[in-house]
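Student: Sequence and computational prediction follow.
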Amino acid sequence: MKLLRHVGLGGRLLGILAIVVIVDFLVNTALFERTSDFALRAEDAERMAEHLVIAHRVIEAAPSEERNAAAQQLSTDRFAITWSRARLNAVDAIELATLRGQILEFEPELEKSHLHMKLMPLSNGGNIAGSVTLQDGSVVNFRTFGRVSWTLNMGRLLAMALPSLVLLILAWVLFRAALKPLRTLVRATSEVGAGSPRPVEETGQAEIRHLIRAFNAMQERIHQLLGSGSQTLLAIGHDLRTPLARLQLRIDDAGIEPELRAELDQDIAEMRDLLQSLQTFVESGDEGPPPERIDIAATALTQVDNARDTGALITYRGPRHLEIMVRPVSIRRALSNLVENALAYAGNARIELREEGGVVEIVVDDDGPGIPEDRLVEVLRPFIRLDNARARNTAGMGLGLPIVDRVVRAEGGTLHLANKPRGGLRVTIRLPHALT
Amino acid sequence: MNDHISMTAPSIVLVEDDAPLRNLTARALREHGYNVRAVATGAELWVLLENEPADLIVLDIMLPGTNGIDLLRRLRQTRDTPVIFISARGGEGDRVVGLELGADDYLSKPFGTRELIARIGAVLRRHGAPVNGDPQPSGNQLQFQGWRLSTARRELRSPSGAIVDLTGAEFDLLSVFLGQPQRVIGRERLIELSRTRLADSSDRSVDVLVSRLRRKLSTTGGAAPIKTVRGVGYMFAAEVTRH
């Protein structure tokens, strides 16, 4: 086996082909043997022998100018007889030795007349044919049609197809085994970039093992690239905060009109919010702290009450307590993003909480304009903002819903966005791991 | 000594590695009457503190060499000088770690002068002469009927161990109750307390707040241990232990 592992894919295929050729050769030889062994059922052979003997005797007795006509008269639609002055050599015909012996057993006199039995090639009808020689050296040829030869030929076809089928199955099994590591690789390729890299085990032939090694290295590089992208985003975010803090303090210290100051404060606050949402987005893709037991009903209520205290139109429906295993910081963030979105776009929000079969469902409804159907998927992608005027009013980088999406997926849950028939958006979060 | 401190300006040490921001912050603090010494690294901080103790330290988390978190850890082994953390990350992780290590407050960049001054004032007041003669409680874990309140993390856990979120006003209210268990707390006191948290603070809003807190503290086993004392106020009717 150790030696086999070092044979390349080319060597393997060559080996497979060699096996195919050898098996083909063996099977064809056996088939040839079997054809010459071919025998008819006793009554069929007897009838054929009788017919032949009669034809032989009648044509022998007839004068040579009448022999053609006689032969024609002796023909039936199943057994054709012709007369010729010399032997017709049929090419590609297979000698049917067993059948000849069978016929000679019934009519030994045909032995002297040099009985020939053969199977015609399929291209020539595939019938049983043969000849007997008359005393003057001329020849009576015969040929069968119909059922007898048909069974023989079906058997032949099957016998010939069978090795091919066996070979196909054999080749399929061998190729499957040889290509198994490749299939593993294909599966691994489709998962690159999602989560941390999972190296594929190096198995199979030399080429495939090289491929897997290269793939693992590539996977690692992609992971580092993605990571360094996130790290760059984070670093830029952190580095911008210090000059922003300087700017804020300079403005606070400068003798400027209160109106201008308020506007500048607003601008800086917006920049801070942008940096914050960027950071939250990057961090929501990380593993983060482990899940904790949390009263999700209290979390929802806290969000609702906080918003209500600022005068928002928001309601809660659901149980007083509902415990679940999640990462508290992320799930709070997700809920508050949904509430903020609803209040910003619709001016109202309704949170509903329920639990069924271990799955917690959180529904956030609003009566706003919803999201155009063709953009329901797009809004979950980062940095996408619905580019109408109202979107500009809210701070952020279009990361609100993408953060929710990432958080929910990190918890093994699902996020579903839908426009309600009567208007307004309905966001449904389903989270597993309810504790009851 | 106490007289001396109350007579002179409180002394603040600022640790910030960005020179312009350090100067701007120091100037803003001086303009608001504080005595400021500003340094760039942890090493300089130790030298300063050796020479003369401070009333408060404003500490940037991200510093070259020893970072702010390690500095705080070392500081807490010998001193309980109040510390306000300044972070350029603004992440929840930094905040929790900082507060758990014993930081008194947390501020993320960018911050305004007004916000910084307000936070410093609040921390100094908490650490200065105690209001109402209440001694500053030691230990930041309060327990009642299986519930646990962590004042450092501002986190409440139910008897089953689940985190129960509270609004800022609810947390403050619960802290007041737990500070004076089995004593009647007048409605006026609660209105005063909620004034900083609620836009509209009145009798009614205090009642709403109490009912919200009751709802959160209710369990399948029974109602929350907050009793209404008719005409006076409320009372927290459970035993509270401190850890």
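Tutor: Noted; the coordinates are in hand.
Student: buried sites along stretch A:244-260?
Tutor: Going by neighbour count (16 or more other C-beta atoms under 10 Å in any protein chain shown), the buried part of stretch A:244-260 is A:Leu244, A:Ala245, A:Arg246, A:Leu247, A:Gln248, A:Leu249, A:Ile251, A:Asp252. C-beta coordinates here come from the backbone N, C-alpha and C atoms, glycine included.
Student: what's next to that stretch, contact-wise?
Tutor: Identification of contacts with stretch A:244-260 by C-beta atoms under 8 Å, 6 or more residues apart in numbering or on different chains yields A:261, A:264-265, A:268, A:271-272, A:275, B:18, B:20-21, B:24-25, B:27-28, B:31, B:109-114.
Student: Output the below-cut-off pLDDT ranges for chain B.
Tutor: B:1-7, B:90-92, B:129-139, B:194-203 (pLDDT under 70).
Student: What part of chain A, helix or strand, is modelled with the least confidence?
Tutor: One helix or strand of chain A scores below all others by mean pLDDT, DSSP states H and E: helix A:389-392, with a mean of 44.
Student: Spell out the residue ranges of the helices in the chain.
Tutor: Went with chain A since none was named. A:2-5, A:9-36, A:42-61, A:67-74, A:97-106, A:147-190, A:206-253, A:258-284, A:296-309, A:328-345, A:389-392, A:400-410 (DSSP state H).
Student: could you do chain B instead?
Tutor: B:2-7, B:19-31, B:42-51, B:68-78, B:92-100, B:113-127, B:168-179, B:187-195, B:203-217.
Student: Which one, of these, ends up nearest to A:Glu46?
Tutor: Ranking these by their distance to A:Glu46 (criterion: C-beta to C-beta) puts helix B:92-100 first, at 99.4 Å.
Student: ok, now which ones touch B:Val123?
Tutor: So B:Val123 contacts B:Leu56, B:Pro82, B:Ile84, B:Asp104, B:Asp105 (C-beta under 8 Å, 6+ apart).
Student: so who does residue 64 touch?
Tutor: Let's take chain A. Each residue near A:Ser64 by C-beta under 8 Å, 6+ apart is listed here: A:Asp136, A:Ser138.
Student: Hmm, no, I was thinking of chain B.
Tutor: Listed by C-beta under 8 Å, 6+ apart, the contact set of B:Pro64 reads B:Asp17, B:Thr41.
Student: Could you do the one 10 residues further on as well?
Tutor: The contact partners of B:Arg74, by C-beta under 8 Å, 6+ apart, come to none.
Student: A:Leu104 versus that one, what's the distance?
Tutor: Separation of B:Arg74 from A:Leu104 (C-beta to C-beta, to the nearest Å) stands at 115 Å.
Student: What of A:Asn127?
Tutor: Distance from A:Asn127 to A:Leu104, by C-beta to C-beta: 20 Å.
Student: the more surrounded of those two?
Tutor: A count of neighbours by other C-beta atoms under 10 Å in any protein chain shown puts A:Asn127 above the other of A:Asn127 and A:Leu104, at 21 against 15.
Student: on that earlier part again, quick check on the contacts of stretch A:244-260: which are buried?
Tutor: Judged by 16+ other C-beta under 10 Å, buried ones among these: A:264, A:268, A:271-272, A:275, B:18, B:21, B:24-25, B:28, B:109-113.
Student: circling back: can I get the contacts of B:Val123 in JSON lines with distance to chain A and neighbour count?
Tutor: Formatted as JSON lines, the contacts of B:Val123 follow (distance: C-beta to the nearest C-beta, whole Å; neighbours: other C-beta atoms under 10 Å in any protein chain shown):
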{"residue": "B:Leu56", "distance to chain A": "18", "neighbour count": "23"}
{"residue": "B:Pro82", "distance to chain A": "21", "neighbour count": "21"}
{"residue": "B:Ile84", "distance to chain A": "14", "neighbour count": "21"}
{"residue": "B:Asp104", "distance to chain A": "20", "neighbour count": "22"}
{"residue": "B:Asp105", "distance to chain A": "16", "neighbour count": "19"}
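Student: Rebuild those as TSV, extending it with distance to B:Phe171.
Tutor: Output for the contacts of B:Val123, formatted as TSV (distance: C-beta to C-beta, whole Å):
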residue	distance to B:Phe171
B:Leu56	23
B:Pro82	20
B:Ile84	20
B:Asp104	16
B:Asp105	15
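Student: Among those residues, which are located in strands?
Tutor: Among these, the residues falling in strands (DSSP state E) are B:Leu56, B:Ile84, B:Asp105.
Student: Provide a list of residues in contact with the last one.
Tutor: Think B:Asp105. Per C-beta under 8 Å, 6+ apart, neighbours of B:Asp105: B:Ile84, B:Phe85, B:Arg119, B:Ala122, B:Val123.
Student: Fine by me, thanks again.
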